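K.L.:
Got a sequence here, can you build the structure:
(chains A, B and C)
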Amino acid sequence: MTQSFANLLINWYNNHQRDLPWRNTSAPYKIWLSEIILQQTRVNQGLPYYNKFINEYPSVHDLANAPEDEVMRLWQGLGYYSRARNLHECAKSIVNQYDGEFPSTYNELLKLKGVGKYTAAAIASFAFNQAVPVVDGNVFRVLARYFCVTDDIAQPKTFTKFFNIAKELIPEEQAASFNQAIMELGATICTPKKPACENCPLAQDCEARIHHKQSELPVKKKKIKIKHRYLYYLIWQEGGKLAMKKRGESDIWQGLFDFELIESDKALSTEDIIYKIDTLYKDIEIVEISEPVKHILSHQRLEAVFVELKSTTENILNDNSLKYYTKQQIEELPKPRLIENYLTSKNI
DNA sequence: AAAACGTGGAC
DNA sequence: TGTCCAAGTTT
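P.N.:
This next block holds a predicted model:
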């Protein structure tokens, strides 16, 4: 008799799962932390960050009591920085509004900052064994291939379709194992390219494998468009201190520190830069203009030029958001990658 | 509903 | 070199 989808999957998982620090614990704090870190992030990239956070903040209370800049600094380099801000806010809310205990149901978890449908299902199942299916990139892929589902996974309404398919499959009494297993299969066997079907416990009845459609599934129609941005950073130094400001909302690197800048959608010549600075600021002397530094992001091509300036009068900076920091203080600040690279190479 | 949000690895 | 995309969420 043929074994069920869930049984084959869970049996495979029990024999082939990777040993990861957030597994074999039912502590909601650790599971929540790992899930936030792993959003759109590979295990190898997130692992050191998970260890740093657990080390620095062993409990949700420790995290809640930490200064925000310190949390941002620990997150530095991981990307998607709103996750770090939401993580901190969520920790404070757990302590202040939930008496330090994470809620135990999908619907309650959904109310937390930074916790969406996937993460709520993950915590509900891993920590509390509630039978709610996780639907992430792995689940889309495994189910789309196994059942040959051709709906566009970039469309929000497609989520419901996959959620319902998974809901039919998930065993009430083994929710955690099922969810872990299907994601593990997607991450290690049913990969986007060159899936290892020869090692797949579900290969027998996989529609995509039978019809050689693995490379066509899942269907994802969203196309990426690259944006070019040219950043001209203005570097003010005063008596061993450097002017930096915290980046605002609705853009990359929210909550991180960088320099005052002039932005353009096309490359500016040296003459253009000098002219702009002369009209925008008074009593400024340009000391040096660096070569362009390229910074590749997935949806953006950034090119930065660092313009070192000297003010010829006092108090040239009347922007209150701009503050002077010593070299030591700058090391304590969370900085965008580009700035970090610049500071390291210049050794200011 | 579509777009924005990062970084690093793979091909 | 360009493209995809990974344990998604928010607006």
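
K.L.:
all contacts plus neighbour counts: C-alpha atoms, from now on.
P.N.:
Will do.

K.L.:
any bit of the helix or strand hosting residue A:185 sitting next to DNA strand C?
P.N.:
Element membership for residue A:185 (DSSP states H and E) is helix A:175-188. Yes: using C-alpha under 7 Å from any atom of the strand, helix A:175-188 reaches DNA strand C at A:183-184, A:186-187.

K.L.:
Would you verify that residue A:39 is located in a strand?
P.N.:
No: read with DSSP: H, G, I helix; E, B strand; the rest coil, residue A:39 is coil and lies in no strand.

K.L.:
Quick check on residue A:258: phi, psi?
P.N.:
phi -150, psi -170 (degrees, to the nearest 10).

K.L.:
What of the one 5 residues further on?
P.N.:
When read as degrees, to the nearest 10, the backbone of residue A:263 gives phi -110, psi 150.

K.L.:
Same question for residue A:232.
P.N.:
phi -110, psi 100.

K.L.:
from the residues of helix A:175-188 next to DNA strand C, which is closest to residue A:145?
P.N.:
For the residues of helix A:175-188 next to DNA strand C, the minimum distance to residue A:145 (C-alpha to C-alpha) is 10.5 Å, reached by residue A:186.

K.L.:
Quick one: classify the residue lying closest to that closest one once chain neighbours are set aside as helix, strand or coil.
P.N.:
Of all residues not flanking residue A:186 in the chain, residue A:138 sits nearest, at 4.5 Å (C-alpha to C-alpha, 6 or more residues apart in numbering). Following three-state DSSP, we place residue A:138 in the helix state.

K.L.:
Count the neighbours of residue A:138 for me.
P.N.:
20 (other C-alpha atoms under 10 Å).

K.L.:
and the residues of helix A:175-188 next to DNA strand C near DNA strand B, which?
P.N.:
Within these, nothing lies near DNA strand B by C-alpha under 7 Å from any atom of the strand.

K.L.:
how about the strands in the stretch 151-300 of chain A?
P.N.:
Here the stretch 151-300 of chain A has its strands, by DSSP state E, counting those that start in this stretch, at A:227-238, A:241-246, A:257-258, A:260-264, A:284-289, A:293-296, A:300-311.

K.L.:
Please tabulate the ones you listed in TSV, including the columns distance to residue A:33 and mean neighbour count.
P.N.:
Converted to TSV, the strands of the stretch 151-300 of chain A look like this (distance: least, C-alpha to C-alpha, whole Å; neighbours: other C-alpha atoms under 10 Å):
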stretch	distance to residue A:33	mean neighbour count
strand A:227-238	32	19
strand A:241-246	25	19
strand A:257-258	24	22
strand A:260-264	33	15
strand A:284-289	42	14
strand A:293-296	28	13
strand A:300-311	28	18
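
K.L.:
Can you convert those into TSV and add a column each for mean pLDDT and distance to DNA strand C?
P.N.:
Listed next are the strands of the stretch 151-300 of chain A as TSV, based on pLDDT from 0 to 100; distance: least, C-alpha to the nearest atom of the strand, whole Å:
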stretch	mean pLDDT	distance to DNA strand C
strand A:227-238	90	10
strand A:241-246	92	18
strand A:257-258	95	20
strand A:260-264	92	19
strand A:284-289	90	25
strand A:293-296	84	8
strand A:300-311	89	9
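
K.L.:
Ok, which of those strands comes nearest residue A:96?
P.N.:
Comparing those by C-alpha to C-alpha, strand A:241-246 comes nearest, at 27.1 Å.

K.L.:
Strand partners (parallel or antiparallel) of the closest one?
P.N.:
strand A:227-238 (antiparallel), strand A:257-258 (antiparallel), strand A:323-326 (antiparallel) (DSSP bridges).

K.L.:
who touches the shortest one?
P.N.:
Put plainly, it is strand A:257-258. Identification of contacts with strand A:257-258 by C-alpha atoms under 8 Å, 6 or more residues apart in numbering yields A:244-247, A:333-336, A:339.

K.L.:
Looking at these, which one is closest to residue A:165?
P.N.:
Taking the contacts of strand A:257-258 together and measuring to residue A:165 by C-alpha to C-alpha, the closest member is residue A:336, at 40.9 Å.

K.L.:
so what's that closest one up against?
P.N.:
Residue A:336 neighbours (C-alpha under 8 Å, 6+ apart): A:76-77, A:253, A:256-258.

K.L.:
Go back to the residues you listed and keep what's next to DNA strand B.
P.N.:
Near DNA strand B, by the rule C-alpha under 7 Å from any atom of the strand, you find A:76-77, A:253 out of the contacts of residue A:336.

K.L.:
Keep only those of those residues that are in helices.
P.N.:
Within these, no residue falls in helices by DSSP state H.

K.L.:
Make CSV from these and add neighbour count to it.
P.N.:
Output for those, formatted as CSV (neighbours: other C-alpha atoms under 10 Å):
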residue, neighbour count
A:76, 21
A:77, 16
A:253, 21
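
K.L.:
For residue A:342, give me the backbone phi and psi.
P.N.:
Per degrees, to the nearest 10, the backbone of residue A:342 is at phi -60, psi -50.

K.L.:
neighbours around it, how many?
P.N.:
Neighbours of residue A:342 using other C-alpha under 10 Å come to 15.

K.L.:
Then the one 4 residues further on?
P.N.:
Residues contacting residue A:346 under the criterion other C-alpha under 10 Å number 8.
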